[in-house]
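Visitor: Sequence first, predicted model second:
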Amino acid sequence: MVIDARGSDRSGSRPRRDVSRPGLARRTRAVSASGVPGPDEPAPLPEPEPVTMRLDGRVALVTGAGSADGIGYATARRLADLGARVAIVSTTRRIHERAGELGVTGFVADLTDESEVGALADAVTEQLGDVEVLVNNAGLASRASPEVLRPVAQLSYDEWRGEIDRNLTTAFLCSRAFIGGMAERGWGRIVNLAATAGPVNALPTEAAYAAAKAGVVGLTRALAMEMIADGVTVNSVAPGTIHTAASTVAELKQGMGTPVGRPGTPDEVAAAIAFLCSPAASYITGQMLVVDGGNSVREAQFR
């Protein structure tokens, strides 16, 4: 099923929640024998989550899943295999084909537009239920929307804003749309797609992209601390050179120079994302997991 969030008719739908006001933290205070909370008494430990990768019945939303060869598509497939009820979204109606291939629900929306993100949140909730797992993958370059490669001195303001909006603003808007519900229910997983460019290293002509991806890591860490008392974990995955349909020849050659000797695959990145989305990752939050074949820790090029 594919729904265009841009044209959603909200008439007759339930009232929109205020996504800018997350639920109050579920901090537990100890209660004394008299029934009065004791400020100096330790809070009881919560029941540990079962150590499982399964997501049976949980609703997951994966953004940026329009390419059959991309990380978003591979992630949606893995989450569905783990039992999640999956929704995918992209900016074009090719999401029709992807949703049909995966047997999931597809939506069309511009995630840089605040009103369209709000409409998407309503549509997903109405069709599938409350979102408990969010993968903010939208933002990676594609053939239709290539990365801007230009030195800062030649970078226009619109190009700068475009990279920031596509890579960082989308993660902010989508996270804000769903964290209130996650906090109210006391469980949630958010995984943001960063990159090695920015948080780990940088290349000339990639200032806007690097700044956006470094910002994704900052957003991840801050949001993790805001949501930590509500049973919601927030982490990021930073891929290195990954072989997708959007990869250039130069990027693929760069991948051949990694310690592993090849670029990564979307499914390898999706495996890391799926773990962080699972109940098994309950004690991991505010972290960045690098998936780059060891490239970022190598000191020198070895033959």
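Guide: The structure has been received and is ready for your questions.

Visitor: rest of the way, CA atoms for contacts and neighbours
Guide: Fine.

Visitor: where along the stretch 101-250 of the chain do the helices fall?
Guide: 114-128, 157-164, 170-185, 207-227, 249-256 (DSSP state H, counting those that start in this stretch).

Visitor: chain center to the third one, what's the gap?
Guide: Translated: helix 170-185. Centroid displacement of helix 170-185 relative to its chain, using CA atoms, centre = their mean, to the nearest Å, is 11 Å.

Visitor: Could the C-alpha coordinates of that helix be exported in PDB?
Guide: These are the backbone C-alpha positions of helix 170-185, laid out as PDB (Å, rounded to 0.1, in the frame of the first residue of the first chain):
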ATOM      1  CA  THR A 170      15.000  15.500   8.000                       C
ATOM      2  CA  ALA A 171      16.300  13.500  11.100                       C
ATOM      3  CA  PHE A 172      15.300  16.300  13.400                       C
ATOM      4  CA  LEU A 173      11.700  16.700  12.000                       C
ATOM      5  CA  CYS A 174      11.000  12.900  11.900                       C
ATOM      6  CA  SER A 175      12.400  12.300  15.400                       C
ATOM      7  CA  ARG A 176      10.400  15.200  16.800                       C
ATOM      8  CA  ALA A 177       7.200  13.800  15.200                       C
ATOM      9  CA  PHE A 178       7.500  10.400  17.000                       C
ATOM     10  CA  ILE A 179       9.400  10.800  20.300                       C
ATOM     11  CA  GLY A 180       6.300  12.000  22.200                       C
ATOM     12  CA  GLY A 181       4.500   8.800  21.500                       C
ATOM     13  CA  MET A 182       7.500   6.700  22.200                       C
ATOM     14  CA  ALA A 183       8.000   8.400  25.600                       C
ATOM     15  CA  GLU A 184       4.300   8.000  26.500                       C
ATOM     16  CA  ARG A 185       4.500   4.200  25.800                       C
END
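
Visitor: any low-confidence regions in the protein?
Guide: 1-43, 49-50, 140-146, 299-303 (pLDDT under 70).

Visitor: Tell me which of the helices of the stretch 101-250 of the chain sits nearest to Gly103.
Guide: helix 114-128 (13.3 Å; CA to CA).

Visitor: From the contact counts, what lies against the closest one?
Guide: On a contact count with 3 or more CA pairs under 8 Å, 6 or more residues apart in numbering; DSSP states H and E, helix 114-128 meets helix 170-185.

Visitor: at 6 Å what do you get?
Guide: Where contact means 3 or more CA pairs under 6 Å, 6 or more residues apart in numbering; DSSP states H and E, helix 114-128 is not packed against any helix or strand.

Visitor: what comes up buried for that helix?
Guide: 114, 116-124 (16 or more other CA atoms under 10 Å).

Visitor: With distance to Ala171 added, can I get the residues you listed in a markdown table?
Guide: Formatted as a markdown table, those follow (distance: CA to CA, whole Å):
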| residue | distance to Ala171 |
| --- | --- |
| Glu114 | 11 |
| Glu116 | 14 |
| Val117 | 11 |
| Gly118 | 13 |
| Ala119 | 16 |
| Leu120 | 14 |
| Ala121 | 13 |
| Asp122 | 17 |
| Ala123 | 18 |
| Val124 | 17 |
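
Visitor: Can you show me the CA trace of the lengthiest strand in the chain as PDB?
Guide: Of all the elements of type strand in the chain, the one with the most residues (DSSP state E) is strand 232-239. Listed next in PDB are the C-alpha coordinates belonging to strand 232-239 (Å, rounded to 0.1, in the frame of the first residue of the first chain):
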ATOM      1  CA  VAL A 232      13.900   5.200  24.300                       C
ATOM      2  CA  THR A 233      17.300   4.600  22.900                       C
ATOM      3  CA  VAL A 234      18.900   6.900  20.200                       C
ATOM      4  CA  ASN A 235      22.000   5.800  18.200                       C
ATOM      5  CA  SER A 236      23.700   6.500  14.900                       C
ATOM      6  CA  VAL A 237      25.400   4.400  12.300                       C
ATOM      7  CA  ALA A 238      28.200   5.900  10.300                       C
ATOM      8  CA  PRO A 239      28.900   4.000   7.000                       C
END
